[in-house]
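Novice: from the sequence below, what's the structure:
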Amino acid sequence: MRPLSNLAEEIEEEAKRIGDPERERQLRRYFREPIETYGLTMTQSRELAKKYYPRVKDDLDAAMNLAETLLKSGNLTLAGVGLEILDRFRRRLGPQHMNTFDRWVDHLNNWATTDNLATHMIALVIAEDPSQVDRLMAWTGSPNRWRRRAAAVSLVPPARKGLLLEEAMSLSDRLMEDEDDMVQKGVGWLLKEASKNHPEEVRGYLLRWRVRAPALVLRIASEKLPKGKRVLKTAA
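Specialist: The predicted model follows:
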């Protein structure tokens, strides 16, 4: 684990103090990839963020630095607290921060932190500047599984609102035959959200991919379609 700043160290000490060893063991079993965590509940993490937010209040640069330090720790709990604090600055986040978020993706090591960063911070940037989708397209070719998953999951919030359907499908094209199940789940989630407002378009898209698409993607993507219109893998 990399050295933490003084404030980050205080947060870590507090997380250790209130952490639950049993829940920590449960989380380690729940995640398929190895993780570091102090076993805090979501409520505890939010309370910790609430407690330390005043230390960086009105100072976006300090909040960004704190979030990055906690993210670099590789600890699920600490990363979550850092992103929760930064989320309180969401009205001040925008395309000018995309290079920073791009850098942060290199520090991701599990699906939960990936989805947190992608659906909150990166999605905010996409909402303000849809041209940033081009960067997500480039991420689909990365050897880093979390960067590829982030590419898909960052479009989940706009897809949920019925936006950027063409972009969601174009990005899914690039990841549809990805062999990593964490990426497949991200693509499936994206298409499932898109299907809520565009069921026929997504169904048609899935039918075109049916032969080559992983069964996992089809199953997740079809979950919100009417039962009689779900697109599932057929037996060979």
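Novice: how far away is the residue nearest to Thr140 when sequence neighbours are not counted from Ala152?
Specialist: Take Thr140 and drop its neighbours on the chain: the residue closest to it by CB to CB, 6 or more residues apart in numbering is Arg174, 4.0 Å away. Any C-beta I mention is one placed from the backbone N, CA and C, and that applies to glycine too. Separation of Arg174 from Ala152 (CB to CB, to the nearest Å) stands at 9 Å.
Novice: isn't Asn75 right up against Leu40?
Specialist: No. Asn75 is beyond contact range of Leu40, at 10.5 Å (criterion: CB atoms under 8 Å).
Novice: circling back to that earlier point, higher neighbour count, Arg174 and Ala152?
Specialist: More crowded of Arg174 and Ala152, by other CB atoms under 10 Å: Ala152, with 28 against 18.
Novice: what helix or strand is the nearest residue to that one once chain neighbours are set aside located in?
Specialist: Spatial nearest neighbour of Ala152, excluding adjacent residues (CB to CB, 6+ apart): Gly186 at 3.9 Å. Using DSSP states H and E, Gly186 sits within helix 181-195.
Novice: just Leu216 next, same as before
Specialist: For Leu216, the host element (DSSP H and E) is helix 215-221.
Novice: for that helix, buried residues please.
Specialist: 217-221 (16 or more other CB atoms under 10 Å).
Novice: I'd like those residues laid out as a markdown table, including distance to Arg208.
Specialist: Shown next, in a markdown table, are these (distance: CB to CB, whole Å):
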| residue | distance to Arg208 |
| --- | --- |
| Val217 | 13 |
| Leu218 | 12 |
| Arg219 | 17 |
| Ile220 | 17 |
| Ala221 | 12 |
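Novice: list just the nearest of these to Arg25.
Specialist: Checking the buried residues of helix 215-221 against Arg25 with CB to CB, the nearest one is Ile220 at 28.4 Å.
Novice: run a quick neighbour tally on the closest residue to Arg46 other than its chain neighbours.
Specialist: Once flanking residues are discounted, Arg46 sits nearest to Glu84: 5.9 Å by CB to CB, 6+ apart. Neighbour count for Glu84, taken as other CB under 10 Å: 22.
Novice: Glu84 against Ser45, yeah?
Specialist: Yes. Taking contacts as CB under 8 Å, Glu84 lies within contact range of Ser45: 6.3 Å.
Novice: what residues are up against the spatially closest residue to Ile122 that is not a sequence neighbour?
Specialist: Setting aside the residues directly before and after it, Ile122 is nearest to Ser154 in space (CB to CB, 6+ apart), at 4.3 Å. Each residue near Ser154 by CB atoms under 8 Å, 6 or more residues apart in numbering is listed here: 118-119, 122-123, 126, 136.
Novice: nearest to Tyr53 among those residues?
Specialist: Closest to Tyr53 out of the contacts of Ser154 is Thr119 (20.4 Å), distances taken as CB to CB.
Novice: now Asn75: phi and psi?
Specialist: Dihedral angles of Asn75 (phi, psi; degrees, to the nearest 10) stand at phi -90, psi 130.
Novice: give the contact list for the closest residue to it other than its chain neighbours.
Specialist: Nearest residue to Asn75 in three dimensions, chain neighbours excluded: Glu36, at 4.4 Å (CB to CB, 6+ apart). Glu36 sits next to 1, 73-76 when contact means CB under 8 Å, 6+ apart.
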